[in-house]
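Novice: got a predicted structure plus its sequence, pasted below:
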Amino acid sequence: SYNYAGHNGGVMTGAPNPGLSWETTYMTNVGIRTEIFGRFDLEIEGYHNKTVNLLSNLDVSRTTGDTRAYRNVGTILNKGWEVTFTSKNIIPASRGGFKWDTDLNISHNANKLIKLYNGIQKNVGNMMWAEGYDTQTYYLVRWAGVDPSDGAPLWLDKDGNVTRTYSTANRVPYKSANPKITGGVTNTFSYKNMRLSILMSYVIGGYLFSSFSRNSISDGLYIMQENQSLDQLDRWQKPGDIAANPKPIWGVSTSSVMNSTRYLYHRTSLSVQNVSFSYDLPKRYADFLGLNSLQFQVIGDNLYFYSPY
């Protein structure tokens with residue numbers, strides 16, 4: 001589709017970088033595993049992974065013929081630990097008796113940017129890359145609530161002073177999306193020809209930015225186009241009101257719906273990720289159909305989600 005004067009043409013889709021090299025990760029893992037009484041299995045592992053020559057697509061001089069080029073930009077450190085615990089809670093006395101097993105996993109990972117190209121901070125959407133911070137650090141204007149005198153939105157400037165003017169120049173490094181702990185637990189129950197497995201996963205700590213919340217808590221902007229959160233009922237209505245949300249104005253794009261820490265939420269949660277029930281039909285039914293075995297199974301995914309926030 002690149003034509004010039006009616007003739008086929010070509011363009012450069014990426015700027016070359018003769019000095020580009022692979023990322024390299026130096027990995028150290030130390031672990032221990034023990035079994036107790038033939039019923040409990042515990043495995044603990046710690047790791048320290050350092051990645052050098054980190055790859056990223058960064059701005060370059062327009063004289064190169066492009067706006068960005070891939071280059072080796074820095075060093076990142078990931079370190080953490082993981083615990084895996086398996087328990088045979090109930091061991092059947094005979095074949096086909098009731099059995100209950102539990103598998104539990106707990107893990108923690110922390111990362112930090114040690115070095116960036118010329119120490120230059122890189123902003124990626126609502127996040128930033130900067131030396132000394134992890135790669136999931138939010139870079140946002142801080143929300144300061146509502147002015148009780150007239151219902152106007154408030155923010156904090158870079159120095160922590162309250163301001164009525166929204167400006168991206170007041171963005172600061174804030175919370176991280178990286179959770180403190182993640183993991184899951186699986187309980188498996190079996191009795192004769194029946195088997196029930198329940199997998200739950202959990203996240204503790206960390207924050208997430210919700211664009212959905214920004215649209216449903218729009219201070220009147222989208223009230224005629226989209227469902228609004230019940231939280232919008234807690235709004236400023238008269239001088240002196242201490243409200244969670246500013247004075248609503250229909251159809252007017254106010255600064256209050258701009259990206260800020262107002263739309264950051266704790267990601268701590270628990271979810272029932274998978275439930276599976278199976279039943280092995282008696283062999284005579286399989287034989288009747290000319291099969292080796294016949295199983296009935298019901299599976300449900302993402303059945304329940306809970307967050308205290």
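Specialist: Looks like it came in fine.
Novice: flag the shaky bits of the protein, pLDDT-wise.
Specialist: Applying pLDDT under 70 to the chain picks out residues 1, 252-253.
Novice: and with 90 instead?
Specialist: 1-19, 37-38, 54-74, 91-97, 116-125, 214, 222-226, 249-255, 281-295, 308-309 (pLDDT under 90).
Novice: now do the SS call for residue 290.
Specialist: Assigned with DSSP: H, G, I helix; E, B strand; the rest coil, residue 290 falls in the coil class.
Novice: what about it, neighbour count?
Specialist: A count of nearby residues for residue 290, using other Cβ atoms under 10 Å, gives 6. Yep, even glycine has a C-beta here, placed from its N, CA and C like the rest.
Novice: check the gap between it and residue 283 for me.
Specialist: 12 Å (Cβ to Cβ, to the nearest Å).
Novice: list the neighbouring strands of the longest strand along the chain plus their orientation.
Specialist: If you go by DSSP state E, the chain has its longest strand at strand 68-90. In the sheet containing strand 68-90, the strands it pairs with under DSSP bridges are strand 40-59 (antiparallel), strand 99-115 (antiparallel).
Novice: may I see the buried residues of the last one?
Specialist: Read it as strand 99-115. 100-101, 105-106, 108-109, 111, 113 (16 or more other Cβ atoms under 10 Å).
Novice: can you check the first one too?
Specialist: Taking 16+ other Cβ under 10 Å as the basis for neighbour counts, the residues of strand 40-59 that come out buried are 49, 51-52, 54, 56, 58.
Novice: distance to residue 233 added to the residues you listed, as a markdown table?
Specialist: Formatted as a markdown table, the buried residues of strand 40-59 follow (distance: Cβ to Cβ, whole Å):
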| residue | distance to residue 233 |
| --- | --- |
| 49 | 48 |
| 51 | 48 |
| 52 | 53 |
| 54 | 47 |
| 56 | 44 |
| 58 | 46 |
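Novice: OK, contacts around residue 132?
Specialist: 112-113 (Cβ atoms under 8 Å, 6 or more residues apart in numbering).
Novice: could you look up the SS state of it?
Specialist: Secondary structure state of residue 132, per three-state DSSP, is coil.
Novice: bridged to residue 79, which residues?
Specialist: Applying DSSP bridges, one finds that residue 79 bridges with residue 48, residue 110.
Novice: what about it, neighbour count?
Specialist: 15.
Novice: that one contacts residue 30, correct?
Specialist: No - the pair residue 79 / residue 30 is not scored as a contact, 11.4 Å apart, by Cβ atoms under 8 Å.
Novice: need the residues touching each of these two.
Specialist: Common neighbours of residue 79 and residue 30 (Cβ under 8 Å, 6+ apart) are 46-47.
Novice: distance of the nearest residue to residue 122 once chain neighbours are set aside relative to residue 287?
Specialist: Leaving aside its sequence neighbours, residue 122 sits nearest to residue 129 (Cβ to Cβ, 6 or more residues apart in numbering; 4.3 Å). Distance of residue 129 to residue 287, given as Cβ to Cβ: 63 Å.
Novice: higher neighbour count, these two?
Specialist: Neighbours were counted for residue 129 and for residue 287 using other Cβ under 10 Å; residue 129 has more, 23 against 12.
Novice: for the more buried one, grab phi and psi.
Specialist: With angles defined as degrees, to the nearest 10, residue 129 sits at phi -110, psi 120.
Novice: list the contacts for it?
Specialist: 56, 113, 116, 121-123, 135.
Novice: on that earlier part again, looking at the buried residues of strand 99-115, which is nearest residue 299?
Specialist: residue 101 (18.7 Å; Cβ to Cβ).
Novice: test my guess that the closest one contacts residue 91.
Specialist: No - at 9.2 Å, residue 101 does not count as touching residue 91 under the criterion of Cβ under 8 Å.
Novice: picking that back up, out of the contacts of residue 129, which sit inside strands?
Specialist: 56, 113, 122-123.
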